[in-house]
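Student: Any chance you can model this:
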Amino acid sequence: MDEAWVFLSDPKNLKRITPDYMGFDILSGADRKMFPGQIIQYRLTPVLGIPFRWVTEITHVKEGEYFVDEQRFGPYSFWHHKHFIYPTENGVVMEDVVDYKIPLGILGKLAHMIFVKYKVKQIFTYREKALNEIFN
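Tutor: Residues are numbered from 1 along each chain as shown. Okay, the predicted model is just below:
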C-alpha cells in the first residue's frame, strides 16, 4: 500500500501511466507530493495532434486511501475524478471513478458516442496495464 501510494501521489508519475499518443506533458504544479489545492497544468495532443491545455486541481487527499482531481480549465464542461486505493489479497487496487460532461450540446453528445467515450476507456485501460507492469 505504501509503495503504491508514494507512486500515485506523485503527480510526475502521471506521464508514465498515460499513453504516448496523448502527447501528455506536465507544464507546472507537479514539483511536490500531491496536496489539496494543488493546481497542475498539462498540455495534451489527443486528437489529430491538436494541442490544448488542461488545468486540474487536487481537491481532496486522504493519505494512503484516496484523492480527487477536478478540471478547472480544459476540454470538458465537467470533470471529477476520484482515485480510491485499497489492499486486496493479491496486492493493491486503484479504482477510478470519473464523472464528466462534454460541452457543445448535441455536437458534444455525438462526439462522445463516436470517440470520446472510447478514448476515455482506452486511457484507463492503458493505465491499468501500465500500473500492473510497474508493480507486478
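Student: Show the contacting residues for residue 116.
Tutor: By Cβ atoms under 8 Å, 6 or more residues apart in numbering, the residues touching residue 116 are residue 102. To be clear about C-beta, it is placed using only N, CA and C from the backbone, and glycine gets the same treatment.
Student: ugh, typo on my part, it should be residue 65
Tutor: 84, 85, 86.
Student: Quick one, which of these are buried?
Tutor: residue 85 (16 or more other Cβ atoms under 10 Å).
Student: I'd like the next helix or strand past whichever strand or helix holds residue 4.
Tutor: Per DSSP states H and E, residue 4 falls inside helix 2-8. Next helix or strand after helix 2-8 toward the C-terminus (DSSP H and E): strand 25-28.
Student: So which elements touch the helix holding residue 4?
Tutor: Here helix 2-8 touches strand 78-88, strand 91-101, helix 117-135, going by 3 or more Cβ pairs under 8 Å, 6 or more residues apart in numbering; DSSP states H and E.
Student: Quick check: what element follows the longest strand along the chain along the chain?
Tutor: The longest strand of the chain (DSSP state E) is strand 50-62. Counting by DSSP H and E, the element after strand 50-62 in chain order, helix or strand, is strand 66-73.
Student: Return the list of strands paired to that next one, each annotated with direction.
Tutor: Sheet pairing for strand 66-73, assigned by DSSP bridges, gives strand 50-62 (antiparallel), strand 78-88 (antiparallel).
Student: Turn the ones you listed into JSON lines, including mean pLDDT and distance to residue 36.
Tutor: Output for the strands paired with strand 66-73, formatted as JSON lines (pLDDT from 0 to 100; distance: least, Cβ to Cβ, whole Å):
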{"stretch": "strand 50-62", "mean pLDDT": "95", "distance to residue 36": "5"}
{"stretch": "strand 78-88", "mean pLDDT": "95", "distance to residue 36": "14"}
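Student: Please render these as a markdown table that adds distance to residue 10 to the earlier fields.
Tutor: Shown next, in a markdown table, are the strands paired with strand 66-73 (distance: least, Cβ to Cβ, whole Å):
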| stretch | distance to residue 10 |
| --- | --- |
| strand 50-62 | 12 |
| strand 78-88 | 13 |
